[in-house]
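Chemist: Could you work out the structure for the sequence below:
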Amino acid sequence: MSEPPPPASPQVSPRALVWTSLALALLVHVALARTLAATFPLDIDVSNLLAGAVHFNPAQHAPQPPGYLPYVLVLRAAVAVLGRDVSTAQLVASLWSAAGMPLLVLWTLRRFPQQLALAGALPWLWALSPVLLYHAADGQMHGAEAFAAMLLLWRLQAWRQRQTPRMALAVGIALALGGALRPSFLVLGLPLTLWHLRQFWRQLALALGVLVAGTLAWLLPTALAAGGWQRLADAQRLLSVSYSFAGRSLLSAHASPELVRRNLAMVLVVSATIWLPVLAFAALTRARTPDRTAVRALLLTAVLPTTLFYLLAFCAEPGYLAGLVPVALCVLALRNPDAQGVLRGTLAALVVQIVCLAGPTGGSLVVKVPTVRDLIRRDIRQQFHVDELHLPPAGGQQLLLLSDSVDDMVLRSLPIVRPDVSVLMQVPRMAPGPRAWGLARVDGWLPIPGPLLGQAAGPTTVQTDRHFDVLVLDPLASQALTTQLMRQLRCPLGPEAMASGVLQVPVQACLPQAELHAGEHTLRFAP
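Modeler: Numbering: from 1, shown residues only. From the prediction side, this is the model:
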């Protein structure tokens, strides 16, 4: 009697392999971001976002204008569960960054149902994108813009297959969400939407109506929190036009040539990290019936206006171009590469991305480059500066650090990692006139003279709602500020005041008047 045949081994569905590849890429992206995450906030925006998650007032840069309300609400929920810590901001940033990867797979499967190898490979190019990984690690919100771009591309692809009002409504929602997360997203998203829906006027009007309604949904509460529309508009103008645009834009008559060169270099270097992997992939794969019309549409309606906008306006960091990462991956997919070459092309693109991630820092030419070295350098620099202050250990005392150092990023970040420390500091010059000051705290800023951070005005006296036990002078403070402080102290300075090499004095004994003069302004302490 013959034995029964052995049971057939279970077959794994090709689509299951696609989703398995996606899951692994998601884990790698988040794990790498968490591994590279710094101890300190590496940018002033991270500190402002965390402040805004507790006390939302964009006029006082909690966070900075325009407020980014949807992002802050998500961050606030995370803070409520995990605590107000830089690691919370970094985790939220990495999750937003990873959230676009499933949409990329869905877009690929909808556009090319038979290209399962491509659908499984593309998430890895997202996971190791230098721009997205850099900002997932540093805790900023630029990964959310990449998510919004991918969401819009996915919805536009669905609309192409079913050109109905319901699909146009979904496009409008995606466009409105992107604009709410970051208003400059519309430079990318609006031309793309107009091109797709250009022959369907009613549906286009529906999508644009949703955009207007969605904009009002975040703009009205943001203006209310800022103290009114005019105050929010003034704060936005002060930051974006008088400070960033005026100093860095090719279109500004008052721009600094050095800052303009840095801005151009930033856009070109970051663009290279986005497009070189695409070119490497294309070089090692053979295109099968590429959709050249769709590729041209993406290049002309999304890539060109976005790149030109930041070349001509200002680009402060790599994340400004984060929305182009999903666009570049969709351009790659629209070549419809041969299945046999997908693995080869993916490996080539990943090698290019890893080389970019391992690249040097930008030095004086590019302030920020999306490399691992830049992340590590910034974290070490923050740690070094904080160690130099020789702060007393955290306890029951409230510390006030006084500084007019130009390194506002380090100073603003300090209260986030040490909530017992407030920093009375000069802020970047955003308008002509005397330098403005601000009291940076864990929950926001007290603008001096106020009510807008960076607002220039004459001598002002400002009352703070908290007292301080110890005053610390930043060793990098100017001689003029040091001299001004010494004239105010009403206590003998014994050896213990400078025992650590940093001036630290008790406020009650040395400033019995309960006020501190800094520059032209006066800060009065609460009893």
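Chemist: Can you check the pLDDT for Ala499?
Modeler: Ala499 carries a pLDDT score of 68 in this model.
Chemist: same deal with Asp43?
Modeler: Reported pLDDT for Asp43: 88.
Chemist: again, but for Glu3
Modeler: pLDDT, Glu3: 64.
Chemist: Which stretches in the stretch 351-500 of the chain count as strands?
Modeler: 399-403, 421-426, 437-441, 444-448, 461-463, 470-473 (DSSP state E, counting those that start in this stretch).
Chemist: Looking at the ones you listed, spot the one closest to Gly178.
Modeler: strand 444-448 (26.6 Å; Cβ to Cβ). For glycine as for every other residue, the C-beta is placed from the backbone atoms N, C-alpha and C.
Chemist: Give me the number of neighbouring residues for Asp407.
Modeler: By other Cβ atoms under 10 Å, the residues close to Asp407 number 15.
Chemist: that older thread, what would the strands of the stretch 351-500 of the chain look like in TSV with distance to Cys315, mean neighbour count and mean pLDDT?
Modeler: Listed next are these as TSV, based on distance: least, Cβ to Cβ, whole Å; neighbours: other Cβ atoms under 10 Å; pLDDT from 0 to 100:
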stretch	distance to Cys315	mean neighbour count	mean pLDDT
strand 399-403	28	23	95
strand 421-426	25	24	94
strand 437-441	25	25	93
strand 444-448	25	24	91
strand 461-463	34	13	92
strand 470-473	35	21	93
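Chemist: can you tell me how far Val331 sits from Gln340?
Modeler: Noted for Val331: a distance of 21 Å to Gln340, by Cβ to Cβ, to the nearest Å.
Chemist: So between the two, which is more surrounded?
Modeler: A count of neighbours by other Cβ under 10 Å puts Val331 above the other of Val331 and Gln340, at 22 against 10.
Chemist: Next up, the contacts around Val74.
Modeler: Neighbouring residues of Val74 by Cβ atoms under 8 Å, 6 or more residues apart in numbering: Val92, Trp96.
Chemist: Equivalent analysis for Leu471, please.
Modeler: So Leu471 contacts Leu399, Leu400, Leu402, Gln504, Val505, Pro506, Val507, Cys510, Leu511, Leu516 (Cβ under 8 Å, 6+ apart).
Chemist: ok, for the last one, nearest residue in space, not its chain neighbours?
Modeler: Excluding the flanking residues, the one nearest Leu516 by Cβ to Cβ, 6 or more residues apart in numbering is Leu523, at 4.9 Å.
Chemist: Return the list of helices and strands in contact with the stretch of helix or strand that neighbour belongs to.
Modeler: Leu523 is part of strand 521-524, with elements assigned from DSSP states H and E. Counting contacts by 3 or more Cβ pairs under 8 Å, 6 or more residues apart in numbering; DSSP states H and E, strand 521-524 packs against strand 461-463, strand 515-518.
Chemist: So for Ser9, what's the pLDDT?
Modeler: pLDDT, read off for Ser9, is 51.
Chemist: Neighbouring strands - and their directions - for the strand holding Leu523?
Modeler: Using DSSP bridges, the strands paired with strand 521-524 are strand 461-463 (parallel), strand 515-518 (antiparallel).
Chemist: from the chain's centre, how far out does it sit?
Modeler: Centroid separation for strand 521-524 versus its chain: 32 Å, with Cα atoms, centre = their mean, to the nearest Å.
Chemist: and what of stretch 17-36?
Modeler: That offset, for stretch 17-36, works out to 21 Å (Cα atoms, centre = their mean).
Chemist: quick one: Met266 from Ser249, how far?
Modeler: For Met266, the distance to Ser249 - Cβ to Cβ - is 13 Å.
Chemist: Compare neighbour counts for these two and give me the winner.
Modeler: More neighbours surround Met266 than the other of Met266 and Ser249, with 26 against 20 (other Cβ under 10 Å).
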